[in-house]
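Colleague: when you get a sec, could you give me coordinates for this:
(2 chains)
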Amino acid sequence: MERAGGEAVLLDYRSGSLDGADAVILPGGFSYGDYLRSGAIARFSPVMAAIREHAAAGGAVLGICNGFQILCEAHLLPGALMHNAGQRFASRPVDLRIERTYTICTSEFEPGEVIRIPQAHGEGRYEATPEVLEMLERDNLIVLRYVAVPGSDVPHNPNGSTADIAGICNPEGNVVGFMPHPERLADKALGSDVGMRFFTGLIKRLSGVPA
Amino acid sequence: MKFRVHVRVTPRPVLLDPQGQAVHHALHSLGFAGVEQVRIGKAIEMEVEAADRDKAMAEVRRMCEQLLANPVTEDFFVAVEE
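Modeller: Down below sits the predicted model:
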């Protein structure tokens, strides 16, 4: 976030407020050891009250990997993440298509643009009721989708997510969650800085640049 | 009164259960041929203090709805004994 031009602070999970932050990012990890279900306990962290208020007021909230799982458990986003089909922890690059560019973090992409970034998770298979899935498609709430690129050397949708869903947002696009890790491919020294565009997009959005 | 509570949380039948699949294949490899529909869930046991059995049951159901089970992906079953 700092390399994208923002000021980043670590917010303790016990905080009662967001300390004036314009955006909240719930990062990846293994909160509470993924005990019971990934994110099931972290969703009750004291700071979640302030995050919920921020989201309801239109504030930017981004959940990456475990962060996405927490947002789903907290019902800030619909659906749930289950064990990967094939029972393998999938740590590999994935091909993704940007489905929606009017969100807090995808405005630096073209609609339909295909990118490749890494992911690393054991419980990343997106599932939801048929009604929710219908709503996601109908209302354009799918932000990232796994895409099969002809001739690609990476497996398509390695966790078996329904409808190839890798990330979704709320109707306003201010709450976004996805499983892949753009922050792990945000430096040309690692071969590509494509992931940085999620964060420069977020900074632009916070600076008031129209999407 | 103290009640012993047994909660079972299982993946909803309509959803893929990769753990169940893995165990299913393992059982077949071990020669248990007539096995189908293996599903892996969780057993949660606790002791709950409540005025009566119905209140204990209601409290545990609330625990399941709030934390112990994810209603999108899981079903839960509760047994309360004295």
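
Colleague: wait, does the longest strand seen in chain B make contact with chain A?
Modeller: In chain B, with assignment by DSSP state E, the single longest strand is strand B:2-11. Yes: using CB under 8 Å from any CB of the partner chain, we find that strand B:2-11 touches chain A at B:P11. Any C-beta I mention is one placed from the backbone N, CA and C, and that applies to glycine too.

Colleague: next SSE after that strand?
Modeller: Using DSSP states H and E, the helix or strand that follows strand B:2-11 in sequence is helix B:18-29.

Colleague: flag every buried residue along that following helix.
Modeller: The neighbour-count check on helix B:18-29 (16 or more other CB atoms under 10 Å in any protein chain shown) flags B:P18, B:G20, B:Q21, B:V23, B:H24 as buried.

Colleague: same question, stretch B:45-55
Modeller: For stretch B:45-55, by 16+ other CB under 10 Å, it's B:V48, B:A50.

Colleague: end to end on that stretch, go ahead and measure it.
Modeller: Stretch B:45-55 stretches 17 Å from its first residue to its last (CA to CA, to the nearest Å).

Colleague: how about residues contacting it?
Modeller: Here stretch B:45-55 makes contact (CB atoms under 8 Å, 6 or more residues apart in numbering or on different chains) with B:M1, B:K2, B:F3, B:R4, B:V5, B:H6, B:V7, B:A56, B:E59, B:V60, B:V80, B:E82.

Colleague: need the max-distance pair from those residues.
Modeller: Using CB to CB, the contacts of stretch B:45-55 span at most 18.4 Å, a distance reached by B:M1 and B:V7.

Colleague: helix or strand: which one has A:L76?
Modeller: Counting by DSSP H and E, no helix or strand carries A:L76.

Colleague: nope, A:N159 is what I was after
Modeller: Assigned by DSSP H and E, A:N159 belongs to no helix or strand.

Colleague: correct me, but A:M82 touches A:A128?
Modeller: No: A:M82 is beyond contact range of A:A128, at 10.5 Å (criterion: CB atoms under 8 Å).

Colleague: more neighbours, those two?
Modeller: Remark: of A:M82 and A:A128, A:M82 carries more neighbours, 28 against 21, as counted by other CB atoms under 10 Å in any protein chain shown.

Colleague: any idea how far the residue of chain B positioned farthest from its centre is from chain A?
Modeller: Residue farthest from the centre of chain B, counting by CA atoms, centre = their mean, is B:G31 at 27.1 Å. Distance, B:G31 to chain A, using CB to the nearest CB, to the nearest Å: 22 Å.

Colleague: let's see the pLDDT reported for that residue.
Modeller: Per-residue pLDDT puts B:G31 at 97.

Colleague: which of the three states applies to it?
Modeller: Three-state assignment for B:G31 (DSSP: H, G, I helix; E, B strand; the rest coil): coil.

Colleague: rewinding a little: between B:M1 and B:V7, which one's more packed in?
Modeller: Set B:M1 next to B:V7 and count neighbours by other CB under 10 Å: B:V7 wins out with 21 against 11.

Colleague: need the nearest residue in space to the more buried one, chain neighbours excluded.
Modeller: Nearest non-adjacent residue to B:V7, counting by CB to CB, 6 or more residues apart in numbering or on different chains: B:I44, 4.2 Å away.

Colleague: now swap in B:R39 and tell me
Modeller: That would be B:G20: by CB to CB, 6+ apart, it lies 4.5 Å from B:R39.

Colleague: OK, contacts around that neighbour?
Modeller: B:P11, B:Q37, B:V38, B:R39, B:I40.

Colleague: re the thing from before, wait, what's in contact with the residue nearest to B:V7?
Modeller: By CB under 8 Å, 6+ apart, the contact set of B:I44 is B:H6, B:V7, B:R8, B:V9, B:L68.

Colleague: what helix or strand is it on?
Modeller: Assigned by DSSP H and E, B:I44 belongs to strand B:42-49.

Colleague: what's the angle between that strand and strand B:2-11?
Modeller: Here strand B:42-49 points in a direction 160 degrees away from that of strand B:2-11 (axes from the mean of the first three to the mean of the last three CA atoms, to 10 degrees).

Colleague: neighbours around residue 72, how many?
Modeller: You didn't pick a chain, so chain A it is. Using other CB under 10 Å, A:C72 is surrounded by 28 other residues.

Colleague: wait, chain B was what I had in mind.
Modeller: Count around B:V72 with other CB under 10 Å applied: 19.
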